[in-house]
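Engineer: take this sequence and fold it.
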Amino acid sequence: MTAVFDRVTLHGSHVLLEPLDAQHHAAMVLAASCDRSTFTLTSVPEPTEDAVTSYINEARRQFDAGLGLTFATIRCADRVLIGSTRFMNAEYWRASTTPPSHNGPIALEIGSTWLVPEAQRTAANTEAKILMLDYAFDVLRVARVTLKTDERNEPSRRNIERIGATFDGVLRRHMPASDGGYRDSAMYSLLDTEWPQARARLLGREYTS
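Structural biologist: The predicted model follows:
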């Protein structure tokens with residue numbers, strides 16, 4: 001599978017989502033060097049040159065394989081990198097089961113999201129999700145977006161449910177946990193037919209993380 005995602009920048013009022021690249025290396029090392037106590041159940045690169053290089057290289061590998069696109073989350077007010085998020089795990093079904101004009105992924109996941117502590121519980125997360133969901137459904141025309149989190153991560157689960165995603169269940173011992181051992185993943189999904197109403201509800205509220 002070759003790359004099918006455009007290296008698009010998504011523009012919001014609070015954040016810009018820029019395709020993660022080597023130019024973000026120093027800023028990501030700095031962001032990852034913050035108080036990491038809020039990252040207990042979140043995978044964030046270690047604040048070292050090598051770890052961030054590996055993180056960026058893996059993002060590029062996924063892009064080249066057509067699996068996703070990783071963003072640097074940039075705060076509009078001061079152009080500071082405050083975290084990262086990504087399209088990932090793109091699914092391509094057999095041509096006979098997809099609309100004839102559909103050349104991209106039919107489903108994908110939004111995940112690997114992290115924000116520095118000062119940006120948590122702000123508009124940054126909500127706006128980033130709206131930008132990504134708009135792009136996924138309106139431009140890529142996917143039928144489904146998956147969101148998942150550690151079953152224990154209650155703040156993350158509340159944020160996902162607030163977007164309007166449906167809880168699909170828990171995959172037990174689904175993947176390595178960021179704090180060691182196995183992770184049970186709480187799985188959620190949002191369909192293209194559900195997004196307009198969910199989007200209207202989000203826009204009708206004050207942005208919070």
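Engineer: for the residue nearest to Thr48 when sequence neighbours are not counted, which residues are in contact?
Structural biologist: Of all residues not flanking Thr48 in the chain, Val29 sits nearest, at 7.2 Å (C-beta to C-beta, 6 or more residues apart in numbering). From N, CA and C alone the C-beta is placed, and that goes for glycine too. With contact set as C-beta atoms under 8 Å, 6 or more residues apart in numbering, Val29 has these partners: 47-49, 52.
Engineer: of the residues you listed - the most surrounded one?
Structural biologist: In terms of neighbour count, Val52 stands highest of the contacts of Val29 at 22 neighbours, by other C-beta atoms under 10 Å.
Engineer: that one and Gly68, how far apart?
Structural biologist: 18 Å (C-beta to C-beta, to the nearest Å).
Engineer: quick revisit: and which of the contacts of Val29 is nearest to Gly12?
Structural biologist: Using C-beta to C-beta, Val52 comes nearest to Gly12 of the contacts of Val29, at 24.3 Å.
Engineer: the closest one: which element?
Structural biologist: Assigned by DSSP states H and E, Val52 belongs to helix 49-64.
Engineer: ok, and what's touching the helix or strand that that helix is followed by?
Structural biologist: Using DSSP H and E, the next helix or strand after helix 49-64 towards the C-terminus is strand 69-75. Strand 69-75 is contacted by residues 5, 7-8, 10, 14-21, 24, 27-28, 59, 62-63, 80-88, 112, 115, 119, 124, 128, 132 when judged by C-beta under 8 Å, 6+ apart.
Engineer: just the buried members of the residues you listed?
Structural biologist: Among those, those classed as buried by 16 or more other C-beta atoms under 10 Å are 5, 10, 14-20, 24, 27-28, 59, 62-63, 81-88, 112, 115, 119, 124, 128, 132.
Engineer: sort out which of those residues are in strands and list them.
Structural biologist: 10, 15-19, 81-88, 112, 115 (DSSP state E).
Engineer: where is pLDDT lowest across those?
Structural biologist: Within these, pLDDT reaches its minimum at Ser112, with 93.
Engineer: any idea what the closest residue to that residue other than its chain neighbours is bridged to?
Structural biologist: What sits nearest to Ser112 in space, not counting adjacent residues and going by C-beta to C-beta, 6+ apart, is Arg86, at 4.9 Å. For Arg86, the beta-bridge partners are Thr70, Gly111 (DSSP bridges).
Engineer: what about Arg86, distance to Arg201?
Structural biologist: 24 Å.
Engineer: again, but for Ala186
Structural biologist: Note on Ala186: its distance to Arg201, by C-beta to C-beta, is 21 Å.
Engineer: more neighbours: which of the two?
Structural biologist: Ala186 (23 against 12).
Engineer: show me what contacts the more buried one?
Structural biologist: Neighbour list for Ala186: 148-151, 153, 157, 160, 167, 170 [criterion: C-beta under 8 Å, 6+ apart].
Engineer: which secondary element of the chain has the worst mean pLDDT?
Structural biologist: Ranking every helix and strand in the chain by mean pLDDT, DSSP states H and E puts helix 154-163 at the bottom, with a mean of 91.
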